[in-house]
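**Student:** got a sequence here, can you build the structure:
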Amino acid sequence: MVNIIVAGAAGRMGIRIINIINETEGVILNGTFEHPDNPMIGQDAGQTAGIGAKGIKISNSLDDIITTGDVIIDFTIPSATIENVKKASAAGKAIVIGTTGISEDEIKEIRRSSEKIPVVLAPNMSIGVNVMFKIAAEMAKLLGNDFDMEIVEAHHRLKKDAPSGTAIGLAKKLAEATGRDLSKTAVYSRHGMIGQRTNDEIGIQTVRAGDITGDHTVLFGGIGERLELTHRAHNRDNFAKGAVMAAKWIINKKPGLYDMQDVLGLK
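**Tutor:** Residues are numbered from 1 along each chain as shown. Down below sits the predicted model:
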């Protein structure tokens, strides 16, 4: 049995993760925590998640409960995630990270922690999206420079980071597959007299509206034809299921930085 601690237990993703843990064999919820200012502190995590009392109160600190779990699942914000990774490393606990908007410097910090503990870090935990990563890269290799590559992502109006971590992940796969430097070829917006599109551009465009859970399309535009590869998330459960799958997978793994491609055996 894998004992799981959930960070951000009263948030949208935390609630769905708790629900999925409750439905999944081989795992058990053994601890939850939230920011100290959260009004749900002290409440039963099961009741907060709508699955009935579980006898596990939402703590105001990872420090108080870290010894109760085998692995931490963290879908919070970058600053909180970095602190949680450091604490997990110090305690020798594995961690699964689905937080988006993490900077390159923060990734370096996570990489340092992964020298001591196993870490799964993925911009998107969905099985479908991770298959999309692999297929998009293969398509880019096959189509080559004869097709322009554009990514369009859409999310709900409350999402704070842009572009999404998934869109950036897709762009990285396309760049790697075609030998491009994404830092030089990514185009995040277009306005006014921008001139003709360059051959090396990888466009990454953002939409924010309503309650869209998450849509991602990779468009390969050629002369006289185009191909589109699209993934649409209907709810957050696919992310939560992937995170719980990763938590089961990571137990007894050697220290290192892994992603969902590792978890799913797609590498």
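**Student:** residues of the helix or strand containing V85 that come out buried?
**Tutor:** Per DSSP states H and E: V85 is located in helix 78-91. By 16 or more other CB atoms under 10 Å, the buried positions in helix 78-91 come out as P78, A80, T81, I82, N84, V85, K87, A88, S89. In this view, the C-beta of every residue, glycine as well, is placed from N, C-alpha and C.
**Student:** for beta bridges, what are the partners of the residue lying closest to S164 once chain neighbours are set aside?
**Tutor:** The shortest distance from S164 to any non-neighbouring residue, by CB to CB, 6 or more residues apart in numbering, is to E153 (4.9 Å). Assessed by DSSP bridges, E153 has beta-bridge partners T206, H216.
**Student:** pretty sure E153 contacts H216?
**Tutor:** Yes: E153 lies in contact with H216 (CB atoms under 8 Å); the separation is 5.0 Å.
**Student:** need the helices for the stretch 51-200 of the chain, in chain order.
**Tutor:** Secondary structure of the stretch 51-200 of the chain (DSSP state H, counting those that start in this stretch): helices at 78-91, 104-113, 127-143, 165-178, 182-185.
**Student:** so which of those helices is the most surrounded?
**Tutor:** Scoring these by mean neighbour count under mean count of other CB atoms under 10 Å gives helix 165-178 as the most buried, with a mean of 22.
**Student:** returning to what we had before: who touches both of E153 and H216?
**Tutor:** Contact criterion CB atoms under 8 Å, 6 or more residues apart in numbering; residues bridging E153 and H216 by contacting each: S164, T166, A167.
**Student:** show me the contacts for the last one.
**Tutor:** Shown here is A167, whose contacts under the criterion CB under 8 Å, 6+ apart are I151, E153, I204, T206, H216.
**Student:** run a quick neighbour tally on G11.
**Tutor:** Around G11 there are 18 other residues, counting by other CB atoms under 10 Å.
**Student:** quick one: closest of the helices of the stretch 51-200 of the chain to I97.
**Tutor:** helix 78-91 (5.9 Å; CB to CB).
**Student:** format the contacts of A167 as JSON lines; extra columns: neighbour count, distance to I117 and pLDDT.
**Tutor:** Shown next, in JSON lines, are the contacts of A167 (neighbours: other CB atoms under 10 Å; distance: CB to CB, whole Å; pLDDT from 0 to 100):
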{"residue": "I151", "neighbour count": "25", "distance to I117": "32", "pLDDT": "98"}
{"residue": "E153", "neighbour count": "25", "distance to I117": "31", "pLDDT": "98"}
{"residue": "I204", "neighbour count": "23", "distance to I117": "32", "pLDDT": "98"}
{"residue": "T206", "neighbour count": "17", "distance to I117": "33", "pLDDT": "97"}
{"residue": "H216", "neighbour count": "26", "distance to I117": "30", "pLDDT": "98"}
